[in-house]
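Enquirer: sequence below, structure please.
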Amino acid sequence: MKNKQVKNPVRTSQWQRLLRLVFAAFCFVLLTWMAFNTSFQGHQMLYQQSYQYAKSLTEQLALTAAEPLEQSNKPRLGHLANQLSTDSSIQSAAIYDAHGTAMALSEAFSPYQREFGVTQATPGVSKLSQPIVIPITSLQSNKPIGFARVNYLPQVAIDDSHRYFHEVGRQVLLMLLITCVFTWQLGRGLKRWQLKRYFRKKAKQLK
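Expert: Predicted coordinates:
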């Protein structure tokens, strides 16, 4: 004989609420872990891209400065250093000969110890900028004749991408909140439908 008795949704709702609470807690922990992991990887990627960009600029400076450095053409070297430092992400640029003598310094050049100080944990690396050193080789003998040093600002280099990255994160968070509200309203609607169905069945059984 078929059991036509309808289960009381009021009694079963406690277990349903507990299961929903556990599932919601699991989803919250999973989403939080994914958000932090994605944010860390995204920031790391931005820093790596900015570093590669600054490194390519320094390599270009070293390649271009090879000929005037061999000729000891200081005006030409100074022009190259100043031209590179016009980039907003470049703090300063300098060109040295094989003995470490400064042949050209950009107008924005300022030593680390005097202006910013040197970090204790990583000696030689500024707290505000990061130096990139590329050797300069002779175009004829292919021997090192000096080196180029560029101090670039990672925060400035990734500023636009960083702001866009966080803007996308806020939009995703807003969509998640809208989804949660929609799911909550849908659950309430299903619960009301279950209660109405239960009371209709009960009323028919009492008749």
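
Enquirer: ok, now which ones touch the most centrally placed residue in the chain?
Expert: Nearest to the mean C-alpha position of the chain, by CA atoms, centre = their mean, lies H43 at 2.0 Å. H43 is in contact with 162, 165, counting by CB atoms under 8 Å, 6 or more residues apart in numbering. The way it works is simple: take the backbone N, C-alpha and C, and place the C-beta from them, glycine included.

Enquirer: how about the helices in the chain?
Expert: For the chain, the helices defined by DSSP state H cover 9-64, 66-70, 74-84, 112-115, 154-157, 159-206.

Enquirer: give me the contacts around the fifth one.
Expert: Helix 154-157 is touched from outside by 47, 50-51, 53-54, 88-89, 129-130, with contacts defined as CB under 8 Å, 6+ apart.

Enquirer: I145 against L69, yeah?
Expert: Yes - taking CB atoms under 8 Å as the definition, I145 is a contact partner of L69 at 5.8 Å.

Enquirer: shared neighbours of those two, anything?
Expert: 97, 136.

Enquirer: how does this structure divide into domains?
Expert: Using the TED database, the domain parsing of the chain gives 9-161, 166-206.

Enquirer: per-residue confidence for G124?
Expert: pLDDT for G124: 32.

Enquirer: least confident of the helices of the chain, on average?
Expert: helix 112-115 (a mean of 40).

Enquirer: buried residues of stretch 156-168, list them for me.
Expert: By 16 or more other CB atoms under 10 Å, the buried positions in stretch 156-168 come out as 156-158, 162, 165.

Enquirer: cool, stretch 54-65 as well?
Expert: For stretch 54-65, by 16+ other CB under 10 Å, it's 54, 57-58, 61-62, 64-65.

Enquirer: from those, which single one is nearest W193?
Expert: Within the buried residues of stretch 54-65, proximity to W193 (CB to CB) peaks at A54, which comes in at 61.2 Å.

Enquirer: touching, that closest one and I90? I think so.
Expert: Yes - using CB under 8 Å, A54 is in contact with I90, at 7.1 Å.

Enquirer: hey, what's in contact with both of these two?
Expert: With CB under 8 Å, 6+ apart, A54 and I90 have common neighbours 150, 152.

Enquirer: from the domains of the chain, which stretch is densest packed?
Expert: Comparing the domains of the chain by mean neighbour count (mean count of other CB atoms under 10 Å), domain 9-161 comes out on top with a mean of 15.

Enquirer: now that one, how far from the centre of its chain.
Expert: 13 Å (CA atoms, centre = their mean, to the nearest Å).

Enquirer: ok, T137 - contacts?
Expert: Taking CB under 8 Å, 6+ apart, one finds 62, 66, 143-145 in contact with T137.

Enquirer: what's across from it in the sheet?
Expert: P144 (DSSP bridges).

Enquirer: separation between it and A94?
Expert: With the distance defined as CB to CB, to the nearest Å, T137 ends up 17 Å from A94.

Enquirer: pretty sure S85 sits against S106.
Expert: Yes - taking contacts as CB under 8 Å, S85 lies within contact range of S106: 3.8 Å.

Enquirer: need the overlap of contacts for these two.
Expert: 92-93.

Enquirer: closest one of the contacts of T137 to T101?
Expert: For the contacts of T137, the nearest to T101 is I145 (11.8 Å; CB to CB).
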